[in-house]
Structure formats: structure tokens, C-alpha cells
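[1] 3D, please:
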Amino acid sequence: MPINDWFRQRESRKYTVSTGTAADGLPDGVWRKCPDCGKTLYQGEVAKALSVCPHCGYHFELIARDRIEALVDEGSFGETDAGVGSVDPLRFAAAKPYSESLEKARATTGLSEAAVTGRAAIGGQAVAVGALDFRFIGASMGSAVGEKITRVFELALAERRGVVLVIASGGARMQEGMLSLMQMAKTAAAAERLARAGLPYVAVLVDPTYGGVTASFTALADVTFAEPGAHVGFAGPRLVEQTIRRSLPKGFQTAESLVDHGMVDEVVARGDLRDRVSTVLGYLMPPVAGGDA
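    Numbering: from 1, shown residues only. Take a look at the predicted model:
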């Protein structure tokens, strides 16, 4: 699905309130409809299941902070670089000025930027962690996102931590032009420095992950997990079809198909991610100096 369609779909998404709820005194927003199986779900039960449909296993979107809290040990997350945010260096304007888009995204999400980063523990193991929030201009990577992701790798390198990133994005942030594209090289170089130090980097890809984010630090992880049904790629399916002038196979660019082609190591349900990431970190983290080999 093209990235523009993702925006339109999310803007039109609403909770579904079943008939009779007004008489029961239930407020709007307590029911939602699963877009996969079509069943109407009680929002409280969905939240308890980490926003996964209990009938078909469809994974609803999560905001960045909720993704981090679902992944790390309880109470272990401490945010870093919370005040880092983009400016409008090019004074870019299309349908509306970029500065207005930034203001709206900050007001809507309560975030300074699309990336939330910090220190945490997973299975008792110290990590530098980050997550991208698709609500903030499609989690596109501008200068601030690139800086925050780079700082995650630098923090891990300085404190001998593993890196775990939960990634969703529409790609590079075109409103920042070349400054945005430079973040691909910047984040990739930071990931390479971590690898040379022998510290692990685990990426968790969620729906959707596209563009320059996929083509930079995302592709350099030691282990790559993905949530069920996540769409991952560089160019969207429509552009690929127009380029090669062929119909694409069913399931193209889904996480499940990318396991078969070697881009994703394993598709892991949201409820199993913490244990799976913890196990991988246990294997890959180097021994503490002076400890057992």
C-alpha cells in the first residue's frame, strides 16, 4: 500500500460503538472493529492483549512509548534527549508550511519528534532503546530523528549496552531535503561503530517500515524481528509494479514473505517479543570484563 494511502486510512479510522451502548451509559471509544476479521472488540480487552485482536491475531498500531513499555522490563525505561526536535531549515512549504506540520504533530502526539529513545533493561540486560511513532509526520527521518537514533548507538557504545530499536517509518522527511538524506549515512555509520565494538543491535520492524529508514540503519541489525503482517520495503508496491510492469505476488513486502527471502530473521507476535529479544541479547552480549568467559 502506498504511504499516502496509509495516512488517509489512519485519518479515517474510527472506533465502532455497537447499538445499545448509549442506554448502557458506555462512552464512545470503548469498542473498536478489527480491520482483518471484522469483529467488534472491547477496547479494554484489546489493551490487555497489547493491542492484538484476540480472534485473529491482527496487530493494531501502538504509539512509541507503549511499544517501549511493552518490550522493556517494567519501570526500567528512562528517556534521553526528549527535547531534541526538528526545525525548518529550508522554510519548506507545499500544501502547508513545514513549520505548521511540526507544530500540529507536536500538539497531537505530545512528542518533540518522531523518535522516543532512552536507557532500559530487557530481561535484566542493559540496553539503549528507541521507537519511532508513525503519528509524527509518518515517523519520517529528518535531522532530529537521525540525531536521536545516532545518539542511541553512541550511548550504547559508551556504556557497553546492546541496542534495540522498534522501527516504523514512511522514509526520509522530504521537507528537510538533503539534510534528511544525510541521516541515512549518519545513522548507518553509528550502527557500524557499534558492530565493530562487538555490541549487538536488534531491530523490530512494525507496520509500515519504508524508504530511507529501511535502506539505512534498519538493514544493519544483527538480528531482525518483525511483527505479523508488517509491511517492509524501500519503494511501495505500486511504484514497484509501475517500474517492472508486472503484477506483484500475493504477500509482497509482508514480514512473512521477507523471512523467506532472508531480510527478516523471524516473525514474532507482540506478546512474545520481550522474551525473544532477551534471549538474543543473552547470546550476543559480550561478557563483562573480568567476568566468566
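[2] can you list the domain ranges for the chain.
    With automatic domain parsing serving as the domain definition, the record reports that the chain contains domains spanning 1-60, 62-284.
[3] and among these, the most buried is which?
    The highest mean neighbour count among these, using mean count of other C-beta atoms under 10 Å, belongs to domain 62-284: a mean of 19. Every residue, glycine included, has its C-beta placed from N, CA and C.
[4] Between its first and last residues, how far does that domain reach?
    This stretch, domain 62-284, spans 28 Å end to end (C-alpha to C-alpha, to the nearest Å).
[5] mean pLDDT for the domains of the chain: which is lowest?
    With a mean of 69, domain 1-60 has the lowest mean pLDDT of the domains of the chain.
[6] Isn't S143 up against S180?
    Yes. Between S143 and S180 there is a contact under C-beta atoms under 8 Å: 6.9 Å.
[7] measure the nearest residue to Q43 once chain neighbours are set aside to C56 for me?
    Sequence neighbours aside, V30 is the residue nearest to Q43 in space, at 5.2 Å (criterion: C-beta to C-beta, 6 or more residues apart in numbering). V30 sits at a distance of 20 Å from C56 (criterion: C-beta to C-beta, to the nearest Å).
[8] Kindly report the same for K39.
    8 Å.
[9] repeat for R91
    R91 sits 47 Å away from C56 when distances are taken as C-beta to C-beta.
[10] same thing with G170?
    Counting by C-beta to C-beta, the separation of G170 from C56 is 26 Å.
[11] Please state the offset of stretch 170-178 from the chain centre?
    17 Å (C-alpha atoms, centre = their mean, to the nearest Å).
[12] ok, and what's touching it?
    3, 6, 86, 88-90, 92, 94, 98, 101, 134, 137-143, 145, 180-181, 183-184, 208, 210-214 (C-beta atoms under 8 Å, 6 or more residues apart in numbering).
[13] now stretch 226-239
    Among residues not part of stretch 226-239, those counted as contacts by C-beta under 8 Å, 6+ apart are 1-3, 36, 57-59, 204-211, 214-215, 240, 243, 248, 252-256, 258-259, 263-264, 266-270, 273.
[14] Please repeat the previous calculation with a cut-off of 7 Å.
    Where contact means C-beta atoms under 7 Å, 6 or more residues apart in numbering, the residues beyond stretch 226-239 that reach it are 1-3, 57-59, 205-211, 214-215, 248, 252-255, 258, 264, 267, 269-270.
[15] need the next SSE after the one helix or strand E103 maps to, C-terminal direction.
    Secondary structure from DSSP states H and E places E103 in helix 98-109. Following helix 98-109 in sequence order, the next helix or strand is strand 115-122 (DSSP H and E).
[16] that older thread, out of the contacts of stretch 226-239, which are inside strands?
    Among these, the residues falling in strands (DSSP state E) are 205-209, 267.
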